[in-house]
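*Asks:* take this sequence and fold it.
(one chain, ligands or ions: 1)
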Amino acid sequence: MSANPTSGAIPASNPELAQAVAKAVNAEGYAIVTGVLDRKACDTLVAEVDRVETEHQVEFGKNDFEGFQTRRIFNLIQRSGRFRELVLDEAVLGIIDAILGEDFLLSGTTSMHISPGETPQLLHADDGMITLPRPHVATLVTTLWALTDFEADNGATRLVPGSHLNPDIPRPGETHADIAAEMPAGSVLVLHGSTWHGGGTNSTRDRERYGLSIQFVAGWCRQQQNLMLGTDPGVVASYPRRLQELIGYSLYRNLMGHVDREHPLTLLGQDVRPEMLWDKMGNQPKK
Ligand SMILES: O=C(O)CCC(=O)C(=O)O
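*Replies:* Okay, the predicted model is just below:
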């Protein structure tokens, strides 16, 4: 395993950020964006992960995939406003829009806190269970946020560049030319959903690796975490409109996701009446 792809990283200040990242993700299967968060924000988020882990007595994973030395918190948007703010990061949403197109959805929010002693996670593709023949356009994008430095020895995510174009998914027991996505705290690794990757080994004695996964899918796909059922509508009603839309209170191309022909935001008491696709189509001349 070689390390340190950060040399090709793209700074968050790049004026063409969304296009530059989309180009790299489509060509290489990944991109690293540096400087999305500052150290203070990372420290605050680490403290927030610690707080939620303690409050909910989050234990290590019970299988080798989730990691016997890794703690995960799912549905982070339920746990704290700080995580909800991250989901709404304008720069990252611009990147996702450039890759997945309009009306994309949030697919899930998870923390992965890797402790010393963790072994490598099985390489996998986050879209590995779907039945579309590979390779295919990105239907899913995972953003992995480094809250502490990601280093080759403390569990930095490993990935196989270009593997999103491979017609297969990796099988257990195979070895592949993976690299460690070393990146300073505050960086975000953007992964094409078909790219082979996995959490790394933490061979340090005392360095915890804190990361967050904020995952998105195209608006016509199923979300991995059921965010509509995972959050009380009474609580969602107080969220910013953009977050409500990303959870699923939105329509894809003015059709998919409607409720009795109404926009789902009407269920949160909002008066939203877009022109439905059927209206648009029905008003076209037939000849
Ligand atoms: O923790 C990481 O670096 C990656 C985790 C991951 O890929 C997963 O759990 O699916």
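*Asks:* now do the closest residue to the ligand within the stretch 1-150 of the chain, the pLDDT please.
*Replies:* Closest contact between the stretch 1-150 of the chain and the ligand, by Cβ to the nearest ligand atom, is at Met112 (3.7 Å). (Glycine included, C-beta is placed from N, CA and C.) pLDDT, Met112: 98.
*Asks:* and if you look at Ala20?
*Replies:* 98.
*Asks:* what's the answer for Ala3, then?
*Replies:* 51.
*Asks:* roughly how far does the closest residue to the residue of the stretch 1-150 of the chain closest to the ligand other than its chain neighbours sit from Thr54?
*Replies:* What sits nearest to Met112 in space, not counting adjacent residues and going by Cβ to Cβ, 6 or more residues apart in numbering, is Gly211, at 4.9 Å. Gly211 is 18 Å from Thr54, where distance means Cβ to Cβ, to the nearest Å.
*Asks:* repeat that for Phe65.
*Replies:* Applying Cβ to Cβ, the value for Phe65 to Thr54 is 24 Å.
*Asks:* between the two, point out the one with more neighbours.
*Replies:* Shown here are Phe65 and Thr54; by other Cβ atoms under 10 Å, Phe65 has more neighbours (12 against 9).
*Asks:* now do the SS call for the more buried one.
*Replies:* Assigned with DSSP: H, G, I helix; E, B strand; the rest coil, Phe65 falls in the coil class.
*Asks:* which residues touch it?
*Replies:* Taking Cβ atoms under 8 Å, 6 or more residues apart in numbering, we find Phe65 in contact with Gln121, Leu122, His124.
*Asks:* please redo it, this time with the cut-off set to 7 Å
*Replies:* Gln121, Leu122 (Cβ atoms under 7 Å, 6 or more residues apart in numbering).
*Asks:* how close does the residue positioned nearest the centre of the chain sit to Thr204?
*Replies:* The C-alpha lying nearest the average C-alpha coordinate of the chain belongs to Gln215 (Cα atoms, centre = their mean; 2.2 Å). From Gln215 over to Thr204 the distance is 27 Å, taken as Cβ to Cβ.
*Asks:* ok, now which residue in the protein is the farthest from the centroid?
*Replies:* Lys287 (44.5 Å).
*Asks:* measure that residue to Lys280 for me?
*Replies:* Counting by Cβ to Cβ, the gap between Lys287 and Lys280 amounts to 17 Å.
*Asks:* mind listing the strands for the stretch 151-287 of the chain?
*Replies:* Using DSSP state E, counting those that start in this stretch, the strands of the stretch 151-287 of the chain run over 158-159, 179-180, 188-192, 197-198, 209-217.
*Asks:* which SSE is Arg71 in?
*Replies:* Arg71 is part of strand 70-74 when elements are defined by DSSP states H and E.
*Asks:* give the buried residues for that strand.
*Replies:* Buried residues in strand 70-74, counted by 16 or more other Cβ atoms under 10 Å: Thr70, Arg71, Arg72, Ile73.
*Asks:* so the second one touches Thr110, yeah?
*Replies:* This means Arg71. No: assessed by Cβ atoms under 7 Å, Arg71 is found out of contact with Thr110, at 10.6 Å.
*Asks:* and the contacts of stretch 260-277?
*Replies:* Contacting residues not belonging to stretch 260-277 are listed as Pro233, Val236, Ala237, Gln244, Tyr249, Ser250, Leu251, Arg253, Asn254, Leu255, Gly257, Val259 [Cβ under 7 Å, 6+ apart].
*Asks:* now for the first one: which residues touch it?
*Replies:* This means Pro233. Leu267, Leu268.
*Asks:* for the fourth one, same thing?
*Replies:* By Cβ under 7 Å, 6+ apart, the residues touching Gln244 are Val236, Leu265, Leu268.
*Asks:* report how many residues lie close to Asp232.
*Replies:* Count around Asp232 with other Cβ under 10 Å applied: 9.
*Asks:* quick one: name the residues of the stretch 1-150 of the chain near the ligand.
*Replies:* Contact residues (Cβ under 6 Å from any ligand atom) of the stretch 1-150 of the chain with the ligand: Met112, Gln121, Leu144.
*Asks:* beta partners of Asn154?
*Replies:* Beta-bridge partners of Asn154, counted by DSSP bridges, are Asn202.
*Asks:* and it, how far from the ligand?
*Replies:* According to Cβ to the nearest ligand atom, to the nearest Å, Asn154 stands 11 Å off from the ligand.
*Asks:* doesn't Arg207 make contact with that residue?
*Replies:* Yes: here Asn154 reaches Arg207: they are 4.5 Å apart, a contact under Cβ under 7 Å.
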